[in-house]
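Enquirer: just the structure for this:
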Amino acid sequence: MNQDFFASILRFQGSPIQHSIGRRREHQLLLHCARTEMTEDRIGEVLALLLQGGIDWAYLLECGGRHRVLPLIYANFKRHLAKRVPADILESLRTCYYTNLVSSIIQSRGLLRITTLLNASSIPVLAFKGPTLAALAYGNTALRQSGDLDLLVRRKDIHEIGRLLHSQGYRSSLPLPPREEAYFLQHYHEHSFFADDLRVSLDVHWSLMPPYYTFAMDTDELLQRSTTVALDGAAIRTLGPEDLLLFLCLHGSKHRWESLSWICDIQELINSQLKIDWERVARDARRLGLERMLASGLEIARNLLGTRLPDEVPRSLPVDRMTRELATEVEVSLFREDRESPVEAPCQLSRYFLKSMSQWRDRFLACAQAFMIPSYYEFLAIHFPTAAFFLYYLFRPMRLAAKYTKGLLPS
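Expert: Model prediction:
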């Protein structure tokens with residue numbers, strides 16, 4: 001294994017976006033403009049693409065919307081290229097930008113209301129992803145699109161949090177009997193709440209990943225290392241930059257980096273004014289078994305967006321053939337026109353996540369969880385008495401087999 005992975009990135013950083021030959025011009029425009037700051041050289045590259053003509057603007061809007069980067073595209077088009085972009089396209093982008101601005105304000109205020117409620121009850125909580133990530137890494141919540149609000153809390157506080165959220169009009173998306181709920185809290189790591197009239201849904205996590213993985217970070221330690229970010233005039237606790245970088249690489253690997261916005265998160269966090277302790281990042285990645293996810297995430301950001309790593313990045317994180325294959329797979333599949341089937345897609349996601357794991361133990365546990373550990377859907381589908389609870393472990397693979405083979409077998 002090459003012990004100078006960081007060094008290899010530093011040696012080539014600053015090069016133009018890789019693998020542009022064969023990419024559609026619309027994809028190249030998205031890769032050049034999906035960032036908060038554009039250099040003069042990059043603006044020149046975009047101007048050259050626009051002068052070539054033949055841009056399918058409808059496709060650019062569709063693709064940029066699917067990858068959740070249209071606010072960034074609008075900000076850069078308006079600032080640098082307004083006279084080169086058709087007026088109706090710029091107006092469509094403007095509408096998207098301000099729609100997202102309103103959404104981010106609603107989310108920020110909802111987040112502040114919930115964290116204030118929990119803090120008043122002396123419940124430690126931090127927010128991650130969503131508007132806190134936008135404020136921390138992008139410096140502007142309108143530049144990043146997000147859906148749900150994500151909170152990290154201690155597992156022992158979940159029942160009290162559920163009671164407090166219920167008092168505010170939120171409902172659990174997983175109403176389970178006490179026995180099944182206790183099982184769910186032990187084997188899974190998040191619980192969703194929603195309120196139809198509040199327009200903000202919550203994913204409450206007591207761990208960033210299921211607890212049996214070696215790369216499941218300790219929640220108490222994450223809370224202790226948390227930092228604050230200013231949001232809507234208030235200080236909100238969020239993941240520290242080192243933990244956030246590792247989580248973003250873990251999250252992207254879990255979902256095969258299917259959204260360009262997740263790769264932008266890596267770039268913007270690195271380019272932000274936050275001081276990242278890179279020695280600690282590398283040390284924690286080794287301790288948790290996240291080296292391959294971190295290495296491939298940085299490689300993907302460098303190859304697709306030209307992300308530059310700072311000089312203080314250590315030269316000790318290993319890279320192997322599998323890491324390079326993971327990065328290449330994302331670079332090839334990110335803008336695929338042929339979408340995978342409902343059966344193929346989850347299989348490909350699982351395969352990629354398994355390849356990104358550094359330890360065989362985690363791969364085994366991931367397969368066991370996927371095929372054997374009962375979920376909410378098994379509890380919802382059938383009720384077994386306590387003496388027959390073990391039957392859920394047999395029922396889950398049967399249910400999955402029926403779900404993913406439906407329509408494949410001849411009638």
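
Enquirer: surely residue 101 meets residue 140?
Expert: No. Judged on C-beta atoms under 8 Å, residue 101 makes no contact with residue 140 at a distance of 9.1 Å. C-betas here are computed from N, CA, C, even on glycine.

Enquirer: least trustworthy helix or strand in this protein by mean pLDDT?
Expert: helix 5-12 (a mean of 43; mean pLDDT, DSSP states H and E).

Enquirer: what's downstream of that helix, the next helix or strand?
Expert: helix 25-33 (DSSP states H and E).

Enquirer: give me every residue that touches residue 113.
Expert: residue 168 (C-beta atoms under 8 Å, 6 or more residues apart in numbering).

Enquirer: any idea how far residue 158 is from the residue nearest to residue 170 when sequence neighbours are not counted?
Expert: Nearest non-adjacent residue to residue 170, counting by C-beta to C-beta, 6 or more residues apart in numbering: residue 193, 4.2 Å away. According to C-beta to C-beta, to the nearest Å, residue 193 and residue 158 sit 11 Å apart.

Enquirer: one more: residue 25?
Expert: 49 Å.

Enquirer: repeat that for residue 93.
Expert: Using C-beta to C-beta, we find residue 93 at a distance of 41 Å from residue 158.

Enquirer: residue 230 now?
Expert: 28 Å.

Enquirer: more neighbours, the two?
Expert: Between residue 230 and residue 158, counting by other C-beta atoms under 10 Å, residue 158 is the more crowded of the two (17 against 11).

Enquirer: got a list of what the more buried one touches?
Expert: So residue 158 contacts 185, 191, 204, 206 (C-beta under 8 Å, 6+ apart).

Enquirer: repeat for residue 237
Expert: Applying C-beta under 8 Å, 6+ apart, we find residue 237 in contact with 115, 125, 126, 127, 223, 226, 227, 228.

Enquirer: am I right that it sits in a strand?
Expert: Yes. Remark: residue 237 belongs to a strand, assigned using DSSP: H, G, I helix; E, B strand; the rest coil.

Enquirer: now it: how far from residue 204?
Expert: 15 Å.

Enquirer: ok, residue 90 next?
Expert: To residue 204, residue 90 is 39 Å away according to C-beta to C-beta.

Enquirer: try residue 253
Expert: 23 Å.

Enquirer: re the thing from before, any residues in contact with both of residue 193 and residue 158?
Expert: With C-beta under 8 Å, 6+ apart as the test, residue 193 and residue 158 both reach residue 204.

Enquirer: and after the strand or helix carrying residue 59, which helix or strand comes next?
Expert: Applying DSSP H and E as the criterion places residue 59 in helix 57-66. Counting by DSSP H and E, the element after helix 57-66 in chain order, helix or strand, is helix 70-80.

Enquirer: report all helices and strands that that following helix contacts.
Expert: helix 25-33, helix 57-66, helix 87-120 (3 or more C-beta pairs under 8 Å, 6 or more residues apart in numbering; DSSP states H and E).

Enquirer: got the angle for the longest one vs helix 70-80?
Expert: When axes from the mean of the first three to the mean of the last three C-alpha atoms, to 10 degrees is applied, the directions of helix 87-120 and helix 70-80 differ by 130 degrees.

Enquirer: chain neighbours aside, what residue packs nearest to residue 189?
Expert: Take residue 189 and drop its neighbours on the chain: the residue closest to it by C-beta to C-beta, 6+ apart is residue 207, 4.0 Å away.

Enquirer: got the phi and psi for the one you found?
Expert: phi -160, psi 150 (degrees, to the nearest 10).

Enquirer: could you count how many residues lie near residue 169?
Expert: Residues contacting residue 169 under the criterion other C-beta under 10 Å number 12.

Enquirer: which residues touch the nearest residue to it once chain neighbours are set aside?
Expert: Spatially, and ignoring its direct neighbours in sequence, residue 169 is nearest to residue 195 (4.5 Å; C-beta to C-beta, 6+ apart). Residues in contact with residue 195 (C-beta under 8 Å, 6+ apart) are 168, 169, 170, 171, 201.
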